[in-house]
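**Student:** Sharing a sequence plus its predicted fold:
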Amino acid sequence: MTKMPEQPQILLSLTLAGQVLLQSDPALIAVPSDAGIALSDEIRLAQTVPDAAVLEYSRLFLNPTGVECHLWQSVYADEPRLFGPAHHSALEWFRRYGAEPQMSNEPADHLGLLLLFYARLIEEGEPADVTVAYFNEHIAWATEFTSKLQQQARHPLYLALAREIQSILAAGVNQAM
Amino acid sequence: MSLSRRNLFQLGGAVGAGLAASPSLQAFENYFSPAASPYADMKTVVSACGVCSPACGLQARVKDGVMTFVEGLPGDAHGNGRLCGKGAAGAGFLYDPDRLKYPMKRTNPRKGFDEDPGFVRITWQEALDTIAEKIGHYKTNFGAESLMFVTLPAPDIWLRFIKSIGVVNRIDHRDECFQTDMVVQKYTTGGKTWCNDFANSKYILLFGWDILAKAKLVYANGILDARDNGAKVVHFSPSYTPTSRASSEWFNIRPGSDLAVALAMINVIVSENRYNKDFVDTYTNFAKYETQIRAHFSEYTPAWAETLSDVPADAITRIAREFAGSGASIAPAHKKTLCANYNNGTQLVHAISILNILAGTVDRPGGRYFPRTFSVPGVDAVYPPPAYPAAAGRRVDGRDKLPHAHAVDAGLFSTTADGMLNKFPGMIKFAMWRDYTTLAFPHPPSMEKALQSVEFNVVYDFLPTDTASLADIVLPGTVNFETSDIMNRDYNAKYPQAVARSAVVPPAFEIKSVGYVAMELGKRLAPDYFKTADGSWINLSTLLNEKTKRAGLGENFADFVSKGIVEKKADFVPRTTFGAVGGGGKCQIYVPAFETGHGEPLPKWHPKRDEPDSTYPYYYLTYIPPIHKRNSSQNNAILNEMMGDNEALINPKLAAKIGVKNGQRVLIRSRAGQIELNAKFTELIRDDAVMVIHGFGHRSRLLTKAGGKGVRDGDIIPIGNIDDFVATKNFGGASCIMDAVVNITPL
C-alpha cells in the first residue's frame, strides 16, 4: 500500500478544499500563513476581490445559474437525486464518530463536508482500512465532479480547487491500491 | 451501527491530545456538531399528494428527514389507498437536483435565453425587501394596474396579500381548464362541482376528456368501477385514448364539433319528451321557458350534427335515448372536456349541463353532485381583515369585457400576451410568477416577447423554469411534501371527509412556503392586513390550528394529523333546492342572465375558431399524456425516463398523402408559427389531424432533464384576442388551446 503524502499537507489540502466548497465568500475562509499549497494562495488572492469569486461560486454550484457542478454525491449516482443513498451513508459515517452536519436541512453528502470529515479521520489516525473504505465510498466519486469543475470554472480559485481535489483523489487512489 | 472510539471534536489519536485545535479541527467544528443520536430517525407520515387537485391521501416513510417511500392512504375517498404514477413519482419532484435552493438575484441586466443571468445568492431579507420596494415603487408611480401576479388565488393568506395591495391583474390558467364550466354551472345548477358519482352511474357520456389517463385517480377509479358495475361508457374523441379503450363505444369525432352532437342529443331528448319529467318539472325552469327551449333545439337535428361531427345521426339518436332512459346518466365536464379547447367551449359545457339536468341526475345518485364537506374557515374568517382596497385599474387580459368570465375571477392566460403587447403595451411593469411558466400560455413566444417589456420579474417556483431564466429575482418554493394543510375531499364527497396534509419533510436548503412569502411581503406593504386583533402578527401555525379546531377536525392540527383522516358519515340526501344564480332555487336550462354579457340564454351552434382551409388543411391536436402533469413534470427523472420527448403523431393514411415516412422530420405550420419534429405513425388519431404532446420544449438550460428536449406544442397555437371572444360569443372565455389548423411539410 502506497503511503499518503505528508500528513500536514493532505490535511490542509482537504480542509481548504472543503471550505472553498462550503463557503461562497472566500473572505470568510481562514488560511494558515504557512500553508504553502497553491489553493491557499488562490484563496488569498480571491479575498482581495471576493465579489468575482462569489459570482463564480453561484454560477458553478447553485441553481439557477448553470448547475454544471452539483456539490452532492447523490447527484452523481446512477439515479441522480438529492438526499439519495449517499446522504444516508454519509450520515452513518458521521454518526459513527459522534458527529452530524450543522446544516441539518441540507444533504450530508456535500463534497465539502465529506472532505472535512475525511481530514479528521486521517488526522485522528484511523486505520488505513477505515480511511480507504471511506475514500472509496464518499470521495472517489468526485472524479466526475472535478472533471466538470475543470471544464466549467472561469475563476482561478475554482481552477485551483479542481487541481487540489485532483491531488486529493490521486493520493487517495494511491493509498487504496 | 457501532460507535467509533474516536471523538472527532477533540484532537487525539495520531496527532495527540492536549494540543491546540488544528486547522482541520477548527473547520470541522464550523460545519459539524456532536450527533444528537447515533441512530437514524424513522417514521411514517400521513399527507396528501400535490400533483393534481384531488390531492390523494398518502403515507410516506421518512428516514432522517428524507422521504424514502410513498404509497396511497387506505380509507382516503380520493385515492382509495392508491397513487397514480405521477403521485408515486413524488420523490422525483422533491429531490430533483435542479430545484431552486436559495433566493437569487440577477446581476446581468440583459435578459434572454442566450444570456447568462449571472444569478447570485442573496438572503431572503434582501429578496423580500427588494420585491416590496419594487411593488411600492410601481404601484405609486404607475398604479396597481402595473402589477401582474401570475398565480392561482390560493392559499388564502397569499390571496389576502394580493388583495391587500389592490392588485388588478391576477391571472391564472383556468381559462385553459374549467373556467367555462364555472361560468355555466353558476347559473345552471348552482356552482362548480367536481363530484361525479361514476360508481353509481349506468350511462357515462364523455366529450373529449381522456378521463382515465389524464390525472385524477378518483375519476379513473370511478369509471372502472362503473364498467365493473355494468355501466355503458360512450366516448367522443378525435384520438383513441386509454379512455376510448375502456369505453363501450368510441366515436372518432371531428375536432371542435362536440357541441353539435350535444345539441342534437338535447334535440332528441326534448322533442321526444324523454327527459326526466319529475326532476325537470320540479327542479328546473323548463316549464317557464318550454316554448323557447323546444323552438331553440328543434333545428339541431342528428342529421345536421352528423354533417359537422362525422358521428352518424342514428348513433346520436340512439345514444341520446339511452342516456335519457338509463335512470342514472352523467356527462361530466372538466378541462379537456373541451371546456377550454375551442372557441365554443362555453356553449358546449352549457349543453352538457342541460343534458345532466334533462337526465335528472344533478345531485342525484349516478350524477354530478355537490360535495358534502367540512366547513373549513379561511383566514378572513379567522382573522377578519380591514376592508380591502378596490382593485382599480385596467385588466391586461381584457377579461372585464366578458362580464360572466370576469365575475368568476379566473383566467385569462390566452389573452394576456395580446393585452401586454398590443392593447396595453408597457402597462405591466412588475410581474410575479408563482408555479407557472411561459409554456402554460398559448403561443409562449408571444408571452416571452411581452415579458421583455416588464421591468421587474419575480419567480417563485420549485424549479428554474423558462420564466425563471428571465427573472430578476427567483425565490425557491415548496412542493406538497414540505407543507401542511387541511385537504377536504371534494371530488368524492357523499359525506364529509378530510385528510391531514402534514409536511412529510421540512423544506431543505432555504426553500420557503408561499405563505411565508405572503406574510413577509404583507408585513412590508400592508401590515394592517397581517395582524390579529391583539396587534400581533398572524402566525401561520396558529392559523392552521384554529382552522382545524373550527372545522371540527381536532383540537389542533397535530391532533388532526394523529388521526390522519377524519370523516363524518351520513346518508346522502339529494338536494331539493339549487343555488343557480337567478333560478329561485331551481336549476336553469334557459339562463336569462346569459342574454347579457355577450352570452346566449340557450347554447347555439358556433364553429371552432380556426377551421381547415386550403392553406392549413389539417386539424392540430394537443395531448397531455398520463405520464406527465401539463408542463411541470418533464424534469422529474422518474417521469422523464418514461417519456422525455415528443413527436408529431400522425395517421399513416395522412402521412402517405403528404409523403411523410415514419420517423421523418416534419415542419408543422399554423398562422401563429411553426415547429419542427419527428413524425410518429399511429392509427389512433384521425387522418385529417396531427397531434403533439404538451409539456415539452422547455428552453431553460437550467433544467437538466427537460431543457432543450422536444418542442413546444403551443408555438403554433394562436393567442386569444378579447375582442374576437366578444364578437364570437365566447362569453366564458374558453382559451382555444387546441383551436389551430396546420399544414405539414416533410423535411
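**Tutor:** Structure received. Model, not experiment: these values are computed from the prediction. Numbers count the residues shown, from 1 in each chain, chains lettered A, B, ... in the order given.

**Student:** Could you list the domains of chain B?
**Tutor:** Residue ranges for each domain of chain B read B:1-39, B:618-717, as given by automatic domain parsing.

**Student:** Quickly compare the ones you listed and say which is most buried.
**Tutor:** Most buried of those by mean neighbour count (mean count of other Cβ atoms under 10 Å in any protein chain shown) is domain B:618-717; its value is a mean of 20. The C-beta positions use only the backbone N, C-alpha and C, and glycine is treated the same way.

**Student:** first to last residue in that one, what's the distance?
**Tutor:** Using Cα to Cα, to the nearest Å, the end-to-end distance of domain B:618-717 comes to 13 Å.

**Student:** One more: stretch B:47-60?
**Tutor:** 7 Å.

**Student:** returning to that earlier point: minimum distance to chain A: which of the domains of chain B has it?
**Tutor:** domain B:1-39 (2.8 Å; Cβ to the nearest Cβ).

**Student:** quick one, what contacts the residue of the stretch 301-450 of chain B found nearest chain A?
**Tutor:** Closest to chain A within the stretch 301-450 of chain B is B:T437: 12.6 Å, counting by Cβ to the nearest Cβ. Neighbour list for B:T437: B:461, B:465-468, B:631-632, B:698 [criterion: Cβ atoms under 8 Å, 6 or more residues apart in numbering or on different chains].

**Student:** so which of these also contact chain A?
**Tutor:** Contacts with chain A are made by B:A468 out of these, judged by Cβ under 8 Å from any Cβ of the partner chain.

**Student:** wait, which of the contacts of B:T437 is closest to B:R524?
**Tutor:** B:D461 (21.3 Å; Cβ to Cβ).

**Student:** Report the beta-bridge partner residues of that closest one.
**Tutor:** Applying DSSP bridges to B:D461 gives these bridge partners: B:P476.

**Student:** Chain A contacts on the stretch 451-600 of chain B?
**Tutor:** B:464, B:468-469, B:474, B:506-509.

**Student:** what's the closest of the residues you listed to B:A36?
**Tutor:** Nearest to B:A36 among those is B:P506, at 15.4 Å by Cβ to Cβ.

**Student:** Would you agree the closest one is in contact with B:D64?
**Tutor:** No - counting by Cβ atoms under 8 Å, B:P506 does not reach B:D64; the two are 11.6 Å apart.

**Student:** Which of these two has more residues huddled nearby?
**Tutor:** Neighbours were counted for B:P506 and for B:D64 using other Cβ atoms under 10 Å in any protein chain shown; B:D64 has more, 21 against 12.

**Student:** My guess is that one contacts A:H88. True?
**Tutor:** Yes - the criterion here is Cβ under 8 Å, and B:D64 meets it with A:H88 at 6.7 Å.

**Student:** intersection of neighbour lists for these two?
**Tutor:** B:A40.

**Student:** ok, back up a step: take the domains of chain B and lay them out in JSON lines including mean pLDDT and distance to B:G166.
**Tutor:** JSON lines is the format used below for those (pLDDT from 0 to 100; distance: least, Cβ to Cβ, whole Å):
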{"stretch": "domain B:1-39", "mean pLDDT": "77", "distance to B:G166": "46"}
{"stretch": "domain B:618-717", "mean pLDDT": "95", "distance to B:G166": "30"}
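
**Student:** which helices and strands does the least confident helix or strand in chain B by mean pLDDT pack with?
**Tutor:** Here the helix or strand of chain B ranked lowest by mean pLDDT, DSSP states H and E is strand B:120-121, holding a mean of 89. Packing partners of strand B:120-121 (3 or more Cβ pairs under 8 Å, 6 or more residues apart in numbering or on different chains; DSSP states H and E): helix A:50-61, strand B:104-105.

**Student:** which one of those lies closest to B:P403?
**Tutor:** B:P403 lies closest to strand B:104-105 among the helices and strands packed on strand B:120-121, at 40.7 Å (Cβ to Cβ).

**Student:** picking up where we left off before, which of the residues of the stretch 451-600 of chain B next to chain A ranks first by neighbour count?
**Tutor:** Going by other Cβ under 10 Å, B:P464 tops those with 32 neighbours.

**Student:** I'm done for today, thanks for sticking with me.
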